[in-house]
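*Asks:* A predicted structure for the sequence below; I have some questions about it.
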Amino acid sequence: MARFPTSERFVRWSADHSRGIDICIAVLVTLFSLVVAVETGPLAVPITLGMTVPLAWRRSKPELSGMTVAAFAVLHVIFIGNTLLGSAIAVPISLYALAAYGARWSSLTGLGLGLLGAIAAAIRYFNYEDIALSALLFQCVAVMVFVLAVWAFGDLRRVRTKQLEGLTERAQLLELERAQEAEIATISERSRIAREMHDIVAHSLTVVIAQADGGRYSAAQDPQAAVRALETIAATGRQALTDMRALLSVLREDSPRDFAVIPGVGDIATLLGELKRSGLDVDVTVTGDPRELSAGAGLTAYRIMQESLTNVLKHAGPGAHAAVEMTWTETELVLGITDDGRGGSAALVESSPGGQGLIGMAERARLHGGTVMAGPRPGGGYSVRGVLPYRTG
């Protein structure tokens, strides 16, 4: 753990207890000064109190405290004669407070009054009868240097305080930024999980429903077809369960994460085979030489194909034909999925496009610099076109 220097700890402690410290200093200076003031004369006591008591609010109200001390210091020079009261110590204390805690104008005003007061005090209290002019000038310069040094230390304290405030504010901003980044990351992770869950559930249930319907209709005439349908349902269900476990494991903090193999472009052939076995009539055309895609772009291509063909099963109606085109160009992979669906559910899709699956496909593609366009075809059916560049940025 980091350790602060002793001076730094004292500065922090004094800032936390400034009010009590100022009152204690004012009380001690007042008591010390009154001992001398009582023996000096009747005016010495009120002047002493006027110079020392304002030290109690030298940090909370530095301008008021400083100007009050300055006013009574002038009265001290005018009415007390050649006796220098103990309350004169309040002048450098007040000047330091003005430089450290007051506004800039009050700090410079206090410095100017302090230098003038140094000249006046030197002439009043050090101008002996036989003193040489050079010695008097030396006394004036010495007092002025003392005043300037006190002000400089106060101004240095001001700079240090501003630096600490700046560092504190920066630390708060960084903490806020980290919290915002964590929140954004959480939202992004939730969106990713929602997209993956939609793809897994929608695809798996669509295949299961299609196989169950086919097996039910063909069970009487072809029992083996029903058996194959049940096997496909079982295999699809197991794969969906595995994918769901892997996906939901990221939400559990009390167990290690279980990541399944991420599907990519190379798994599209397997996906097409599953859908054909589910009863989907689909033709596949591949043009160009396959290129290497990033894991994220490959997963996006797989999900676009999965979502589009799943929608064909759900919405295109019985007897619909689908066509898949994969075109590997010099810079991008172009996916085209079309169907000639005429079913009543196809009309429903055409009238209200933009379901959650289509939104998810578009979001995935944008993350990797690509695009997805989907919409009804003239004369019936539906078309999805996805473009994924090989490299982004």
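*Replies:* Sure, I can see it.

*Asks:* quick one: secondary structure of the residue of the chain most remote from its centre?
*Replies:* In the chain, the residue that sits farthest from the middle, by C-alpha atoms, centre = their mean, is residue 130; the gap is 72.3 Å. Under DSSP: H, G, I helix; E, B strand; the rest coil, residue 130 falls in the coil class.

*Asks:* now do it against residue 122, distance only.
*Replies:* The gap separating residue 130 from residue 122 is 16 Å, by C-beta to C-beta, to the nearest Å. (Each C-beta comes from the backbone N, C-alpha and C, glycine too.)

*Asks:* same question for residue 382.
*Replies:* 98 Å.

*Asks:* what does residue 207 give?
*Replies:* Per C-beta to C-beta, residue 207 is found 101 Å from residue 122.

*Asks:* neighbour-wise, which of the two wins?
*Replies:* Counted by other C-beta atoms under 10 Å, residue 207 and residue 122 do not tie: residue 207 has more neighbours, with 25 against 19.

*Asks:* what pLDDT does the more buried one get?
*Replies:* Predicted confidence (pLDDT) for residue 207: 70.

*Asks:* wait, it touches residue 279, no?
*Replies:* No - at 9.4 Å, residue 207 does not count as touching residue 279 under the criterion of C-beta atoms under 8 Å.

*Asks:* residues shared between the contacts of those two?
*Replies:* Residues touching both residue 207 and residue 279 by C-beta atoms under 8 Å, 6 or more residues apart in numbering: residue 313.

*Asks:* residue 278 - how many residues pack around it?
*Replies:* By other C-beta under 10 Å, the residues close to residue 278 number 22.

*Asks:* ok, residue 9 next?
*Replies:* 11.

*Asks:* averaged pLDDT, the helix or strand it falls within. What do you get?
*Replies:* Assigned by DSSP states H and E, residue 9 belongs to helix 6-16. For helix 6-16, mean pLDDT is 69.

*Asks:* repeat that for stretch 361-376.
*Replies:* 85.

*Asks:* and that stretch, C-alpha only, in PDB?
*Replies:* What follows is stretch 361-376 as a C-alpha-only set of coordinates in PDB (Å, rounded to 0.1, in the frame of the first residue of the first chain):
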ATOM      1  CA  MET A 361     -28.000 -10.100 -38.100                       C
ATOM      2  CA  ALA A 362     -27.600  -6.400 -38.900                       C
ATOM      3  CA  GLU A 363     -25.900  -5.700 -35.600                       C
ATOM      4  CA  ARG A 364     -23.500  -8.500 -36.000                       C
ATOM      5  CA  ALA A 365     -22.500  -7.400 -39.500                       C
ATOM      6  CA  ARG A 366     -21.900  -3.800 -38.400                       C
ATOM      7  CA  LEU A 367     -19.600  -4.900 -35.700                       C
ATOM      8  CA  HIS A 368     -17.300  -6.300 -38.400                       C
ATOM      9  CA  GLY A 369     -17.700  -3.600 -41.000                       C
ATOM     10  CA  GLY A 370     -20.300  -5.400 -43.000                       C
ATOM     11  CA  THR A 371     -24.000  -4.900 -43.900                       C
ATOM     12  CA  VAL A 372     -27.100  -7.000 -44.100                       C
ATOM     13  CA  MET A 373     -30.100  -6.100 -46.300                       C
ATOM     14  CA  ALA A 374     -33.400  -8.100 -46.100                       C
ATOM     15  CA  GLY A 375     -36.800  -7.700 -47.600                       C
ATOM     16  CA  PRO A 376     -39.600  -9.300 -49.700                       C
END
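
*Asks:* following the chain onward from the helix holding residue 9, which element is next?
*Replies:* Where DSSP H and E defines the elements, the next helix or strand beyond helix 6-16 is helix 18-40.

*Asks:* OK, contacts around residue 97?
*Replies:* Under the criterion of C-beta under 8 Å, 6+ apart, the neighbours of residue 97 are 55, 58-59, 62, 65-66, 154.

*Asks:* torsion angles phi and psi at residue 79?
*Replies:* Backbone geometry at residue 79, expressed as degrees, to the nearest 10, gives phi -110, psi -20.

*Asks:* and it, how far is that from residue 41?
*Replies:* For residue 79, the distance to residue 41 equals 9 Å [C-beta to C-beta].

*Asks:* now do the SS call for residue 327.
*Replies:* Per three-state DSSP, the secondary structure class of residue 327 is strand.

*Asks:* tell me which element the spatially most central residue of the chain falls in.
*Replies:* Residue closest to the average C-alpha location in the chain (C-alpha atoms, centre = their mean): residue 177, at 1.6 Å. Using DSSP H and E, residue 177 maps to helix 133-218.

*Asks:* thinking again about what came up before, contacting residues around the residue nearest to the centre of the chain?
*Replies:* Per C-beta under 8 Å, 6+ apart, neighbours of residue 177: none.

*Asks:* when you give positions from now on, start the count at 48
*Replies:* Right, with 48 as the first residue, what we last looked at is residue 224.

*Asks:* I'd like the distance between it and residue 210.
*Replies:* On the measure of C-beta to C-beta, residue 224 and residue 210 end up 21 Å apart.

*Asks:* ok, now residue 358?
*Replies:* Distance, residue 358 to residue 210, by C-beta to C-beta: 61 Å.

*Asks:* which of those two has more neighbours?
*Replies:* The residue with more neighbours, out of residue 358 and residue 210, is residue 358; 26 against 10, by other C-beta under 10 Å.

*Asks:* tell me which other helices or strands the helix or strand that that one is a member of touches.
*Replies:* Per DSSP H and E: residue 358 is located in helix 342-362. Under the contact criterion of 3 or more C-beta pairs under 8 Å, 6 or more residues apart in numbering; DSSP states H and E, the helices and strands touching helix 342-362 comprise helix 180-265, helix 315-324, strand 368-375, strand 379-386, helix 391-398, helix 403-414, strand 429-436.
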